[in-house]
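Novice: mind looking at a prediction? Sequence and model below.
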Amino acid sequence: MSHRKYEAPRHGHLGFGPRKRTRSHRGRVKAYPKDDAKKPVHLTAFMGYKAGMTHIVRDLERPGSKMHKKEIVEAVTVIEAPAMVIVGVVGYVETPRGLRSLTTVWAEHLSEEAKRRFYKNWYRSKKKAFTKYAQKYAEGAKDVTRELERIKKYCSVVRVIAHTQISKAKLHQRKAHIMEIQLNGGSVEQKVDFAREHFEKEVTVGSIFEQDEMIDIIATTKGHGFEGVTHRWGCLYRCLASFSRHVLCCSCWSTWLPPPY
């Protein structure tokens with residue numbers, strides 16, 4: 001295409017549209033690491049809250065770059081990660097159409113910040129969530145044991161249900177964020193036993209990730225505010241294009257004046 005440098009109608013990707021506020025601010029994990037039965041049972045994800053940003057000075061290890069073995073300044077994000085609490089376990093069965101959940105087993109006691117997530121208006125509600133489910137434990141937990149045995153027998157993927165302790169993050173919000181975290185390592189029986197033993201117990205980020213480990217960060221976006229098409233799609237401003245006697249963003253040629261830029 002001739003004169004391509006003078007044409008830039010849109011550089012954005014339509015696959016990310018419509019660009020608007022997300023329905024849920026919690027990121028979705030679309031793929032977990034591959035399971036290795038030789039490793040011990042462990043969690044594969046964790047949730048945290050952005051506390052702020054700062055900058056660091058570090059040595060760059062990038063062969064071929066002019067800054068190789070030199071100090072560079074980079075922006076970093078500080079994430080506050082209070083301990084999470086495991087409150088349930090879900091078993092998935094492999095089908096020709098993908099994974100299908102077989103059953104879900106919840107813990108006996110759930111904190112108030114976790115129950116708030118199941119209500120739109122906690123103040124006006126009766127606050128009776130999981131009261132009938134807790135009676136299963138009072139009656140001997142036979143139903144709970146039976147569902148756990150079904151997971152061991154039929155399921156191939158086991159995920160725990162964990163929620164954050166948002167009260168420790170010093171935020172105005174009081175609803176905890178809940179998500180499923182896949183268990184990798186060991187057999188299915190060991191995964192179910194691991195989840196059952198950690199019901200109502202805290203899990204720290206240090207028990208999942210190690211120092212200097214490469215991990216994936218999943219979030220919505222960092223946000224750019226209310227912007228126009230030039231910022232969002234990379235369009236050229238027609239009055240500033242470097243050619244003459246072409247159609248511009250002005251009226252007749254006799255009264256045309258350059259823009260005050």
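Specialist: Perfect, I can see it now. Residues are numbered from 1 along each chain as shown.
Novice: where's the closest residue to residue 203 other than its chain neighbours relative to residue 135, distance?
Specialist: Distances taken as CB to CB, 6 or more residues apart in numbering put residue 84 closest to residue 203, at 5.1 Å, once the chain neighbours are dropped. All C-beta spots, glycine's among them, are computed from the backbone N, C-alpha and C. Distance of residue 84 to residue 135, given as CB to CB, to the nearest Å: 26 Å.
Novice: re the thing from before, what is the neighbour count of the residue nearest to residue 203?
Specialist: A total of 27 residues lie near residue 84 under the criterion other CB atoms under 10 Å.
Novice: who touches it in this structure?
Specialist: 46-47, 162-165, 202-203 (CB atoms under 8 Å, 6 or more residues apart in numbering).
Novice: who wins for neighbours among those?
Specialist: Neighbour counts for those peak at residue 162, which has 26 neighbours (criterion: other CB under 10 Å).
Novice: tell me if I'm right that that residue and residue 203 touch.
Specialist: Yes. At 6.8 Å, residue 162 and residue 203 qualify as touching, with contact defined as CB atoms under 8 Å.
Novice: okay, and the common contacts of the two?
Specialist: Counting by CB under 8 Å, 6+ apart, the residues touching both residue 162 and residue 203 are 43, 84-86.
Novice: I'd like those written out as TSV, with pLDDT, secondary structure and distance to residue 115 added.
Specialist: Converted to TSV, those look like this (pLDDT from 0 to 100; DSSP: H, G, I helix; E, B strand; the rest coil; distance: CB to CB, whole Å):
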residue	pLDDT	secondary structure	distance to residue 115
43	97	strand	23
84	97	strand	16
85	98	strand	12
86	97	strand	16
